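Enquirer: Mind folding the following:
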Amino acid sequence: MVPELPPLPSLTRAEGEFVDAYLEVVDLLGRINPSRTSHTYGALRAAQALVGRATALRDALTLMHLRGESEVHAATLARALRALDGERRSARVTVREEQAS
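Expert: Now for the predicted structure:
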(Lines give C-alpha, C1' and ligand atoms only; values in the text may rest on other atoms or scores of the structure.)
Protein backbone atom coordinates (compact mmCIF):
# COMPACT_ATOMS: atom_id res chain seq x y z
CA MET A 1 0.00 0.00 0.00
CA VAL A 2 1.31 3.44 -0.95
CA PRO A 3 1.59 5.89 1.98
CA GLU A 4 -0.55 9.00 1.76
CA LEU A 5 1.50 12.03 0.79
CA PRO A 6 1.07 15.35 2.59
CA PRO A 7 -1.08 17.84 0.68
CA LEU A 8 0.68 20.30 -1.57
CA PRO A 9 0.48 23.88 -0.26
CA SER A 10 -1.22 26.53 -2.38
CA LEU A 11 1.27 27.93 -4.87
CA THR A 12 1.06 30.43 -7.68
CA ARG A 13 1.51 28.93 -11.12
CA ALA A 14 5.00 30.45 -11.32
CA GLU A 15 5.91 29.00 -7.90
CA GLY A 16 4.67 25.60 -9.06
CA GLU A 17 6.77 25.86 -12.20
CA PHE A 18 9.75 26.96 -10.07
CA VAL A 19 9.42 23.92 -7.79
CA ASP A 20 8.86 21.52 -10.71
CA ALA A 21 11.82 22.84 -12.69
CA TYR A 22 14.04 22.82 -9.60
CA LEU A 23 13.23 19.17 -8.90
CA GLU A 24 13.84 18.25 -12.53
CA VAL A 25 17.28 19.90 -12.32
CA VAL A 26 17.97 18.02 -9.07
CA ASP A 27 16.93 14.73 -10.68
CA LEU A 28 19.29 15.35 -13.60
CA LEU A 29 22.17 16.33 -11.31
CA GLY A 30 21.57 13.09 -9.41
CA ARG A 31 21.91 11.15 -12.67
CA ILE A 32 25.14 13.02 -13.49
CA ASN A 33 26.68 12.64 -10.00
CA PRO A 34 30.01 10.83 -10.56
CA SER A 35 29.76 9.06 -7.20
CA ARG A 36 26.41 7.52 -8.11
CA THR A 37 26.44 6.86 -11.84
CA SER A 38 27.86 3.81 -13.54
CA HIS A 39 27.52 4.63 -17.25
CA THR A 40 28.77 7.64 -19.15
CA TYR A 41 25.92 7.55 -21.67
CA GLY A 42 23.21 8.08 -19.04
CA ALA A 43 25.21 10.86 -17.43
CA LEU A 44 25.78 12.45 -20.85
CA ARG A 45 22.05 12.39 -21.64
CA ALA A 46 21.25 13.93 -18.27
CA ALA A 47 23.87 16.64 -18.80
CA GLN A 48 22.40 17.45 -22.20
CA ALA A 49 18.90 17.72 -20.73
CA LEU A 50 20.17 19.88 -17.86
CA VAL A 51 20.55 22.91 -20.12
CA GLY A 52 16.85 22.90 -21.01
CA ARG A 53 15.69 22.35 -17.45
CA ALA A 54 17.98 25.11 -16.13
CA THR A 55 16.41 27.41 -18.72
CA ALA A 56 12.93 26.44 -17.49
CA LEU A 57 14.04 27.16 -13.92
CA ARG A 58 15.34 30.58 -14.95
CA ASP A 59 12.11 31.30 -16.85
CA ALA A 60 9.96 30.40 -13.83
CA LEU A 61 11.96 32.76 -11.62
CA THR A 62 11.81 35.48 -14.27
CA LEU A 63 8.03 35.11 -14.46
CA MET A 64 7.76 35.35 -10.68
CA HIS A 65 9.84 38.52 -10.71
CA LEU A 66 7.87 40.10 -13.57
CA ARG A 67 4.58 39.38 -11.79
CA GLY A 68 5.82 41.20 -8.71
CA GLU A 69 6.54 38.05 -6.71
CA SER A 70 9.72 39.53 -5.30
CA GLU A 71 10.09 37.17 -2.33
CA VAL A 72 10.63 33.44 -2.24
CA HIS A 73 8.45 31.98 0.51
CA ALA A 74 10.96 29.38 1.60
CA ALA A 75 8.81 27.64 4.22
CA THR A 76 5.91 27.15 1.79
CA LEU A 77 8.16 26.01 -1.03
CA ALA A 78 9.99 23.64 1.34
CA ARG A 79 6.62 22.05 2.21
CA ALA A 80 5.93 21.64 -1.51
CA LEU A 81 9.37 20.07 -2.03
CA ARG A 82 8.78 17.62 0.82
CA ALA A 83 5.34 16.70 -0.57
CA LEU A 84 7.01 15.98 -3.92
CA ASP A 85 9.70 13.76 -2.38
CA GLY A 86 12.34 16.47 -2.72
CA GLU A 87 14.43 15.25 0.21
CA ARG A 88 15.01 11.81 -1.32
CA ARG A 89 15.51 13.28 -4.79
CA SER A 90 18.02 15.89 -3.63
CA ALA A 91 19.96 13.30 -1.61
CA ARG A 92 21.12 11.78 -4.92
CA VAL A 93 23.11 14.97 -5.58
CA THR A 94 25.37 14.43 -2.58
CA VAL A 95 28.56 12.37 -2.68
CA ARG A 96 27.86 8.75 -1.88
CA GLU A 97 29.40 7.54 1.35
CA GLU A 98 32.26 5.08 1.10
CA GLN A 99 31.28 1.45 1.27
CA ALA A 100 32.93 -0.63 3.98
CA SER A 101 35.19 -3.23 2.41
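Enquirer: Quick one: distance of stretch 20-40 to the chain centre.
Expert: 10 Å (Cα atoms, centre = their mean, to the nearest Å).
Enquirer: Could you report the neighbour count for R79?
Expert: For R79, the count of nearby residues is 17 (other Cβ atoms under 10 Å). Where C-beta positions appear, they are placed from N, C-alpha and C, glycine not excepted.
Enquirer: is it true that it touches L11?
Expert: No - between R79 and L11 there is no contact under Cβ atoms under 8 Å: 9.6 Å.
Enquirer: quick one: the most centrally placed residue in the chain from A47, how far?
Expert: Nearest to the geometric centre of the chain sits L23, at 1.6 Å (Cα atoms, centre = their mean). In this view, L23 and A47 are 17 Å apart by Cβ to Cβ, to the nearest Å.
Enquirer: go on, T40?
Expert: Taking Cβ to Cβ, one finds T40 at 10 Å from A47.
Enquirer: Neighbour count: these two, which is higher?
Expert: For T40 versus A47, the count of surrounding residues by other Cβ under 10 Å is larger for A47: 14 against 9.
Enquirer: Now do V2, the pLDDT please.
Expert: Note on V2: pLDDT of 65.
Enquirer: Make 878 the first number, not 1, from now on.
Expert: Shifting the count to begin at 878 puts that one at V879.
Enquirer: name the helices or strands packed onto the helix ranked longest in the chain?
Expert: Secondary structure of the chain per DSSP state H: the longest helix is helix 917-943. On a contact count with 3 or more Cβ pairs under 8 Å, 6 or more residues apart in numbering; DSSP states H and E, helix 917-943 meets helix 890-909.
Enquirer: what's next to the helix it packs on, contact-wise?
Expert: 888, 913-914, 919-920, 922-924, 926-927, 930-931, 933-934, 936-938, 940-941, 944, 946, 950, 953-954, 957-958, 961, 963, 966-967, 969-970 (Cβ atoms under 8 Å, 6 or more residues apart in numbering).
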